[in-house]
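Visitor: No letters, just coordinates:
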């Protein structure tokens, strides 16, 4: 079975930014610690998995996605990336191109939506989708033989694994966030409905629509404060549906890309020139040279 690796790249750039020493600079003294860390992440992934098809999807902006137009407070709790990190994001995208890893970003759609659309388009026909992320939102995309790979913890979850880990099925994840909310993305959810309550509701009802269709059943459910939960759901119905709209990943973004465009085609000369331009990474250059010789 051919595996298609779809990387939620921004998470690993941020992880590198916070974990790598900011004394790592290029010859002009500009910080390149995030690039350095992201390069090590890619090297490890490529060494371990030897993918035939791979893409790195980046978030371009915290304020320009279609979700911000629906709900201006969406992700408004996050601090914007400082200028020196924004520059490194562009360098990380350039690194992917130098390595022969297809990279994409959109001002209107988030990386999640690009991953969802690529997964929807390319799964099947003896292909397995591997979503590389630790963002629970992306678990909603899993179908059949797909895998959700939390690279940092080296944990792979299939559909049953997602259910065991998060307490709801992948197809219910957007409804789960619609009820419980998500403080990371500033998705409000239903006030007073926490994670455990959301899990219990979705273990009883298939989805948000079925829950609201059968709302009169909630007071009789075997859970704490069922009558109060019923009142909260009734009072905040609009907020629940807005939250689902924010948490649902779009899988129909029109992308001009074919499966062959995701084929990993390493070019050592481009990689070497990239690292040389930064004035860092003799060890990285050697590491990628060895990797590409084995390709």
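Guide: Thanks, I have it. Everything numeric in this text was worked out from a predicted model, so none of it was measured.
Visitor: what are the ranges of the helices in the stretch 51-200 of the chain?
Guide: For the stretch 51-200 of the chain, the helices identified by DSSP state H, counting those that start in this stretch occupy 66-70, 83-99, 111-122, 159-166, 173-180, 195-204, in order along the chain.
Visitor: The longest one - contacts with which helices or strands?
Guide: Helices and strands touching helix 83-99, by 3 or more Cβ pairs under 8 Å, 6 or more residues apart in numbering; DSSP states H and E, are helix 9-19, helix 33-49, strand 53-59, strand 102-106, helix 268-278. Backbone N, C-alpha and C define where each C-beta goes, glycine included.
Visitor: Would you reformat those as CSV and include distance to residue 287 and mean pLDDT?
Guide: Below are these laid out as CSV (distance: least, Cβ to Cβ, whole Å; pLDDT from 0 to 100):
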stretch, distance to residue 287, mean pLDDT
helix 9-19, 16, 96
helix 33-49, 5, 96
strand 53-59, 17, 97
strand 102-106, 20, 97
helix 268-278, 10, 91
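Visitor: out of the ones you listed, nearest to residue 115?
Guide: strand 53-59 (5.3 Å; Cβ to Cβ).
Visitor: for residue 242, what are its contacts?
Guide: Residues touching residue 242, when contacts are defined by Cβ atoms under 8 Å, 6 or more residues apart in numbering, comprise 70-71, 188.
Visitor: circling back to that earlier point, next, format the helices and strands packed on helix 83-99 as CSV and append distance to residue 3 and mean neighbour count.
Guide: As requested, the helices and strands packed on helix 83-99 are arranged in CSV below (distance: least, Cβ to Cβ, whole Å; neighbours: other Cβ atoms under 10 Å):
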stretch, distance to residue 3, mean neighbour count
helix 9-19, 17, 20
helix 33-49, 7, 20
strand 53-59, 7, 24
strand 102-106, 15, 20
helix 268-278, 22, 16
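Visitor: Out of the ones you listed, the one nearest residue 126 is which?
Guide: In this view, the helices and strands packed on helix 83-99 are compared for proximity to residue 126 by Cβ to Cβ, and strand 53-59 is the closest at 12.3 Å.
Visitor: Identify the residue nearest residue 112 in space, chain neighbours excluded?
Guide: Counting by Cβ to Cβ, 6 or more residues apart in numbering, residue 249 is the residue found nearest to residue 112 once chain neighbours are left out, at 4.8 Å.
Visitor: The one you found against residue 113, yeah?
Guide: Yes. Shown here, residue 249 and residue 113 form a contact pair, counting by Cβ atoms under 8 Å, at 5.8 Å.
Visitor: returning to what we had before: any chance of the helices and strands packed on helix 83-99 in CSV, plus distance to residue 147?
Guide: Conversion of these to CSV gives the following (distance: least, Cβ to Cβ, whole Å):
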stretch, distance to residue 147
helix 9-19, 17
helix 33-49, 11
strand 53-59, 14
strand 102-106, 19
helix 268-278, 27
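Visitor: Which of the ones you listed sits closest to residue 183?
Guide: Put simply, out of the helices and strands packed on helix 83-99 the one that sits nearest residue 183 is helix 9-19, at 16.8 Å, with distance taken as Cβ to Cβ.
Visitor: what does the closest one contact?
Guide: Applying Cβ under 8 Å, 6+ apart, the set of residues contacting helix 9-19 from outside is 33-38, 40-41, 56-59, 85, 88-89, 92, 96, 103, 111, 133-135, 151-152.
Visitor: Look at residue 6 and give its secondary structure.
Guide: Local secondary structure at residue 6 is given as strand here, using DSSP: H, G, I helix; E, B strand; the rest coil.
Visitor: residue contacts, the residue most central in space within the chain?
Guide: The residue at the geometric middle of the chain, judged as the C-alpha nearest the mean C-alpha position with Cα atoms, centre = their mean, is residue 8 (4.2 Å). Taking Cβ under 8 Å, 6+ apart, we find residue 8 in contact with 57, 111-112, 115, 131-133, 135, 138.
Visitor: any idea how far the nearest residue to it once chain neighbours are set aside is from residue 15?
Guide: Spatial nearest neighbour of residue 8, excluding adjacent residues (Cβ to Cβ, 6+ apart): residue 133 at 3.5 Å. When distance is defined by Cβ to Cβ, to the nearest Å, residue 133 is 11 Å away from residue 15.
Visitor: the domain parsing of this structure - what is it?
Guide: Per automatic domain parsing, the domain ranges recorded for the chain read 2-168+250-293, 170-247.
Visitor: which residues touch residue 104?
Guide: Residues counted as contacts of residue 104 (Cβ under 8 Å, 6+ apart) are 55-58, 114, 255, 257.
Visitor: Residue 183 too?
Guide: residue 77.
Visitor: Give me the phi and psi for residue 193.
Guide: Summarising the backbone geometry of residue 193 under the convention degrees, to the nearest 10, its torsions are phi -100, psi 110.
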